[in-house]
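Visitor: kindly return the folded structure for what I paste below:
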Amino acid sequence: MTRLSQLKENLQQVLGDKLSTLVEHVDELTIECKPGNLLEVCSVLRDHSQLKFEQLIDLCGVDYADYGEGTWSGLRFATVYHFLSISLNHRVRLRVFASEDDFPVLPTLVDLWSVANWFERESFDLYGIMYEGHPDLRRLLTDYGFIGHPFRKDFPMIGNVEMRYDPEQQRVIYQPVTIDPRNNVPRVIRQEGFHHG
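Guide: So this is what the prediction gives:
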C-alpha cells in the first residue's frame, strides 16, 4: 500500500462522516468539511497518532465568484489549509466553505496552530473572511482606512480610493479614484512586412 493510499484510508477511518469530500488528484489529497466541524477535524488532524499534522504550512482565502468561467454555482468564499506531518512525512489540504456569501465567517485556528494568526489576518484583509475568536483580527497588508477587500473578484482593478499628499493640509489624504477606467486591448502585431533572412 502506498503512503498516499494509507493516509487516505487513515483519514476516512479516523474522520469518517466529519468529512464531506475526500479527493485524490496529482498525488495530493484534498479533504473538505463543514464550518461547524472545522475545529474538531483540525484537532484530530493534529493529535491523532495516525495523522500527526503538527504543522499548518499555509492558509489562504479563495473567492469562487466567476470560477470555471461562470459555471460555479456553489458557495463563494472558502479557506484552504495546508498541513504537514513532519513525524509521518505526509501532507493534506483542507478546504472549508463559509456558509454565508454576504458575511463569510469561519472559526479561528489560532488556538490549535498559533501561526494561523497572521495568515487569517491576511485572508480577512484581502478577501473579507472573518475568523471568529481571532485575538486581533485587523488588516495586515492594506493601509489604515482602506475600503474593501482587494482580492475579491468584484473589487475594481484600479481600487475605490487613492491617496495623495495635500500640501495645504500637509498630510496624506484619501479621495475617490479619479482615474478613468480604460479597456486594455492588446495591440496585434502583424507579420506583414517582416522579412525572414
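
Visitor: what does residue 23 show for phi and psi?
Guide: Per-residue torsions, residue 23: phi -120, psi 140 (degrees, to the nearest 10).

Visitor: what's the answer for residue 4, then?
Guide: Per degrees, to the nearest 10, the backbone of residue 4 is at phi -70, psi -50.

Visitor: would you check that it makes contact with residue 29?
Guide: Yes. Using C-beta atoms under 8 Å, residue 4 is in contact with residue 29, at 6.8 Å. C-betas here are computed from N, CA, C, even on glycine.

Visitor: and the two? Which one has more around it.
Guide: Counting neighbours by other C-beta atoms under 10 Å for residue 4 and for residue 29 shows that residue 29 has the greater number, 18 against 14.

Visitor: what bridges to that one?
Guide: Judged by DSSP bridges, the bridge partners of residue 29 are residue 24.

Visitor: residues in contact with it?
Guide: With C-beta atoms under 8 Å, 6 or more residues apart in numbering as the criterion, the residues that contact residue 29 are 4, 7-8, 11, 22-23, 91-93.

Visitor: okay if I get those residues as TSV plus pLDDT and secondary structure?
Guide: What follows is the contacts of residue 29, written out as TSV (pLDDT from 0 to 100; DSSP: H, G, I helix; E, B strand; the rest coil):
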residue	pLDDT	secondary structure
4	93	helix
7	96	helix
8	96	helix
11	97	helix
22	96	strand
23	96	strand
91	97	strand
92	98	strand
93	98	strand
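
Visitor: of these, buried ones?
Guide: 7-8, 11, 91-93 (16 or more other C-beta atoms under 10 Å).

Visitor: thinking again about what came up before, closest one of the contacts of residue 29 to residue 129?
Guide: Nearest to residue 129 among the contacts of residue 29 is residue 93, at 17.1 Å by C-beta to C-beta.

Visitor: any stretches of the protein with poor pLDDT?
Guide: Filtered on pLDDT under 70, the chain yields the residue ranges 158-160, 162, 177-197.

Visitor: all the helices of it, residue numbers only.
Guide: Across the chain, reading from the start of the chain, the helices by DSSP state H fall at 3-15, 38-47, 67-70, 116-127.

Visitor: and the longest one, what does it pack against?
Guide: This means helix 3-15. strand 21-25, strand 28-32, helix 38-47, strand 90-97 (3 or more C-beta pairs under 8 Å, 6 or more residues apart in numbering; DSSP states H and E).

Visitor: rerun that using 7 Å as the cut-off
Guide: Using 3 or more C-beta pairs under 7 Å, 6 or more residues apart in numbering; DSSP states H and E as the contact definition, the elements that helix 3-15 packs against are strand 21-25, strand 28-32, helix 38-47.
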